[in-house]
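# what's the 3D shape of this:
(chains A and B)
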2 protein chains.
Amino acid sequence: MASEFEKIERFVGMFSAPPPPLGPGDDACILPLKAGRLCMTTDALVEGVHFSRKHFSLGEVGHKALAVNLSDLAAMGAAPDFWLCALGLPSRFGGRQLEALARGMLPLAKRHRLKLLGGNLTASPLLSLTLSLGGWAQKPLLRSGAKAGDKLYVLGSLGEASAGLWAMQRGLRVPARFLEAQRRPTPWVEAAQALSPHIHAAIDVSDGLLQDLGHMCTASGLGVKLEASALPISEALWRRFPKRALSFALRGGEDYALLLAVSPQKAKRVEREWTPRTCPLSCVGSFIDLPGIWLDGRRVSARGFQHG
Amino acid sequence: MASEFEKIERFVGMFSAPPPPLGPGDDACILPLKAGRLCMTTDALVEGVHFSRKHFSLGEVGHKALAVNLSDLAAMGAAPDFWLCALGLPSRFGGRQLEALARGMLPLAKRHRLKLLGGNLTASPLLSLTLSLGGWAQKPLLRSGAKAGDKLYVLGSLGEASAGLWAMQRGLRVPARFLEAQRRPTPWVEAAQALSPHIHAAIDVSDGLLQDLGHMCTASGLGVKLEASALPISEALWRRFPKRALSFALRGGEDYALLLAVSPQKAKRVEREWTPRTCPLSCVGSFIDLPGIWLDGRRVSARGFQHG
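Residues are numbered from 1 along each chain as shown, chains lettered A, B, ... in the order given. Have a look, this model is predicted:
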């Protein structure tokens, strides 16, 4: 069995990691400072809470741990720059398994040119990953910036991730893309950066559309009108779960779509410019001066999904 | 039972936390940038690995989680500035227990004027705390800066923390200070900053003197001569464990003393200036051009203590 230090070397060796003192290997690392504002987020995945080893490969766990943190940076309109990786590893978790975890992280780490600067390895009864990511934005997007009259856009689609989880837990057969949405969510980093100059406010949908939209409304001191028919719910989702599709889209978590507030003056331009891109962008409603979330004219509760 | 968001509000409310976007409450926080180099560290405490609820109060767990991270910043000669706090809480962990944990963190957070900028709360089968701390140094102290001929100093004392753990696990009666050293270690933040201009290299002793000294030697490309009789081992430790005291001091972990490399020209001045301070500072050896750790002339293995 590899020692703690051998494991660390093996893990760090797989990523782009500057030598100490800038990267791992001293008591602390030294962060690279650039122009702009440095945004930082931390998010954890815990075995039995956010994933089960029965339904997730180690590579998928690794991917998702990075994806959920990248999605937070995307919601700030920030360009990812570096990460710190704190892992809790069960006693029988060997070098090969650590490599499988790292291999799942590699594509996102490479794609976003993330520098691994530090971390921590500890024994733990259950596998856990607590990542902290840093990124840069000239003008970070906040939840609080929406204005009355702004259009509400969803970047990405809704409901498939929770439909995937629902199916996994019950052993139901569903289209592979639902499972993929649950296991390998896409953080919309570049898309958010491209749209960022036109956006007043943003948040990512980790706890369900209504709940996260509720945070955005509260922070901005506004309410919102939603049109159910405009929500980006795939035909595949409607077909497989005709009675539940809307509920998955409204209250299901882990879609990691982004909610964007866009001024009505810029809405047309945003839509026109965005048309050829692959990630769906849908106008689903608008912000209003009245509190609450109004779905097709009826007020709905902001209650969403809790990982626990 | 309080919801996730109520718990977060309650916890954040106990600390000095700027409003979003600088502090908790958005998808990411924005770090305050100052002059100097920004040092960052992350370290975790996991129930059953680093502490047991039988032997540690929640307040002690909270204290220790901050202390071990502050000790890393101390080893960089950095002035602590902010922290992110990721907690894994068992399902029956209520608001009161969270408050007890926070109360244990408060004195260190206040003393070092730490701003709570972000974090994460998740369910977890076992209590875990993964903290990330940031601090500033004009010229960070590295493990790699020791020069042949430098004196090796220990700031703090050695062995009592592991003697405390040893006694706890076996139900032995020991002086309260051993248990205190294990449960409530002191991070030598101000002391390290005060001495920092005279120091070539530093590391903190979390895994045992020999092991951490081994890292310093490897990073600096040197060896070291140690005098056993000079090690800061308390009379109380010698009296209670006459046969084990030296082993606790050499191989026991979690002392969070600092090892400092000081040029021989500055050694006298450092000692003279330091004399009246309360934290013990002991010259225990010197760095040499020969690899290895030589204790009273005999080479010893750098093997130390592993938390697992």
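# residues in the stretch 51-200 of chain A within reach of chain B, list them.
A:71-73, A:75-76, A:78, A:84, A:86, A:88, A:91, A:117-120, A:122-126, A:128, A:130, A:132-135, A:140, A:142-144 (CB under 8 Å from any CB of the partner chain). C-beta coordinates here come from the backbone N, C-alpha and C atoms, glycine included.
# Tell me the buried residues within the residues you listed.
A:71-73, A:75-76, A:78, A:84, A:86, A:88, A:117-120, A:122-126, A:128, A:130, A:132-135, A:140, A:142-144 (16 or more other CB atoms under 10 Å in any protein chain shown).
# so A:V68 sits right up against A:T186, yeah?
No. With contact defined as CB atoms under 8 Å, A:V68 does not reach A:T186; the gap is 11.1 Å.
# more crowded one of these two?
Per other CB atoms under 10 Å in any protein chain shown, whichever of A:V68 and A:T186 has more neighbours is A:V68, with 24 against 20.
# where does the more buried one land in three-state SS?
helix (DSSP: H, G, I helix; E, B strand; the rest coil).
# ok now do it, which residues does it touch?
A:D43, A:L45, A:P185, A:P187, A:S206, A:Y256 (CB atoms under 8 Å, 6 or more residues apart in numbering or on different chains).
# In this structure the fourth one contacts A:M76, no?
Which is A:P187. No. Applying CB under 8 Å as the test, A:P187 and A:M76 come out as separate, 11.7 Å apart.
# Please, which helix or strand holds A:Y256?
Of the helices and strands defined by DSSP states H and E, none includes A:Y256.
# sorry, back to before: out of the buried ones among the residues of the stretch 51-200 of chain A next to chain B, which are inside strands?
Counting by DSSP state E, these place A:84, A:86, A:88, A:117-120, A:122-123, A:128, A:130, A:132-135 in strands.
# out of these, which one sits closest to A:L165?
Set against A:L165, the nearest of those by CB to CB is A:S128 (18.9 Å).
# Using PDB, write out every CA atom in stretch A:177-197.
C-alpha atoms of stretch A:177-197 as PDB (Å, rounded to 0.1, in the frame of the first residue of the first chain):
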ATOM      1  CA  ARG A 177     -28.400  11.100 -21.400                       C
ATOM      2  CA  PHE A 178     -30.400  11.400 -18.100                       C
ATOM      3  CA  LEU A 179     -27.700   9.300 -16.400                       C
ATOM      4  CA  GLU A 180     -25.000  11.300 -18.100                       C
ATOM      5  CA  ALA A 181     -26.600  14.600 -16.900                       C
ATOM      6  CA  GLN A 182     -26.500  13.200 -13.300                       C
ATOM      7  CA  ARG A 183     -23.000  11.700 -13.400                       C
ATOM      8  CA  ARG A 184     -21.200  14.100 -15.700                       C
ATOM      9  CA  PRO A 185     -22.700  17.600 -15.500                       C
ATOM     10  CA  THR A 186     -21.300  20.200 -17.800                       C
ATOM     11  CA  PRO A 187     -20.200  23.500 -16.200                       C
ATOM     12  CA  TRP A 188     -21.000  26.300 -18.600                       C
ATOM     13  CA  VAL A 189     -17.800  28.300 -18.000                       C
ATOM     14  CA  GLU A 190     -16.900  29.600 -21.500                       C
ATOM     15  CA  ALA A 191     -20.600  30.300 -22.300                       C
ATOM     16  CA  ALA A 192     -21.000  32.400 -19.100                       C
ATOM     17  CA  GLN A 193     -17.900  34.300 -19.800                       C
ATOM     18  CA  ALA A 194     -18.900  35.100 -23.400                       C
ATOM     19  CA  LEU A 195     -22.300  36.300 -22.300                       C
ATOM     20  CA  SER A 196     -21.100  38.000 -19.100                       C
ATOM     21  CA  PRO A 197     -20.900  41.600 -20.500                       C
END
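# how about that stretch: buried residues?
Buried-residue list, stretch A:177-197, by 16+ other CB under 10 Å: A:178-179, A:181-189, A:191-196.
# Would you point out which residue of the stretch 101-250 of chain A is nearest chain B?
A:A123 (3.5 Å; CB to the nearest CB).
# tally of neighbours for A:T275?
A:T275 has 8 nearby residues by other CB under 10 Å.
# Return the per-residue confidence for it.
Listed pLDDT for A:T275 reads 73.
# swap in A:P20?
89.
# how about the closest residue to it other than its chain neighbours, secondary structure?
Spatially, and ignoring its direct neighbours in sequence, A:P20 is nearest to A:D26 (4.4 Å; CB to CB, 6 or more residues apart in numbering or on different chains). Classification of A:D26 by three-state DSSP places it in coil.
# quick one: contacts for A:D26?
A:P20, B:M76, B:L142, B:R143, B:S144, B:A219.
# any idea how far it is from A:P19?
Taking CB to CB, to the nearest Å as the measure, A:D26 and A:P19 are separated by 10 Å.
# How about A:W294?
55 Å.
# So which of the two has more stuff around it?
Between A:W294 and A:P19, A:W294 has the larger neighbour count (other CB under 10 Å), namely 17 against 10.
# I figured the more buried one was touching A:F287, is that so?
No. A:W294 lies out of contact with A:F287 (CB under 8 Å); the separation is 10.9 Å.
# Okay, now the unreliable bits of the stretch 151-300 of chain A?
A:276 (pLDDT under 70).
# For the stretch 1-150 of chain A, give me the ranges with low pLDDT.
A:1.
# just the helices in the stretch 101-250 of chain A please.
A:160-170, A:176-183, A:189-195, A:209-220, A:235-240, A:245-251 (DSSP state H, counting those that start in this stretch).
# what about the ones you listed, which gets the closest to B:S247?
Nearest to B:S247 among the helices of the stretch 101-250 of chain A is helix A:176-183; the distance by CB to CB comes to 48.2 Å.
# chain center to that closest one, what's the gap?
14 Å (CA atoms, centre = their mean, to the nearest Å).
# how many degrees apart are it and helix A:160-170 in direction?
100 degrees (axes from the mean of the first three to the mean of the last three CA atoms, to 10 degrees).
# Just list the residues touching the closest residue to A:W238 other than its chain neighbours, thanks.
The shortest distance from A:W238 to any non-neighbouring residue, by CB to CB, 6+ apart, is to A:A245 (4.8 Å). Shown in contact with A:A245 (CB under 8 Å, 6+ apart): A:G159, A:A163, A:I233, A:L237, A:W238.
# can you do 7 Å?
A:G159, A:I233, A:L237, A:W238 (CB atoms under 7 Å, 6 or more residues apart in numbering or on different chains).
# Same question for A:R240.
A:R240 touches A:V174, A:P175, counting by CB under 7 Å, 6+ apart.
# 10 Å - rerun?
A:E160, A:A163, A:A167, A:L172, A:R173, A:V174, A:P175, A:F178, A:S234 (CB atoms under 10 Å, 6 or more residues apart in numbering or on different chains).
# Kindly report the same for A:I233.
Contacts of A:I233 (CB under 10 Å, 6+ apart): A:S157, A:L158, A:G159, A:E160, A:A163, A:F241, A:A245, A:L246, A:F248, A:A249, A:L250, A:S282.
# next one: A:L117
So A:L117 contacts A:17-18, A:20, A:22-24, A:28-32, A:81-85, A:132, A:134, B:40, B:42 (CB under 10 Å, 6+ apart).
# Confirm for me that A:F5 is in contact with B:H215.
Yes. Between A:F5 and B:H215 there is a contact under CB atoms under 10 Å: 8.9 Å.
# so how far is A:K7 from A:Q97?
Taking CB to CB, one finds A:Q97 at 10 Å from A:K7.
# cool, and A:M105?
Counting by CB to CB - A:M105 and A:K7 are separated by 15 Å.
# Pick out whichever of these two has more residues nearby.
The neighbour comparison of A:M105 against A:K7 (other CB under 10 Å) goes to A:M105, with 26 against 19.
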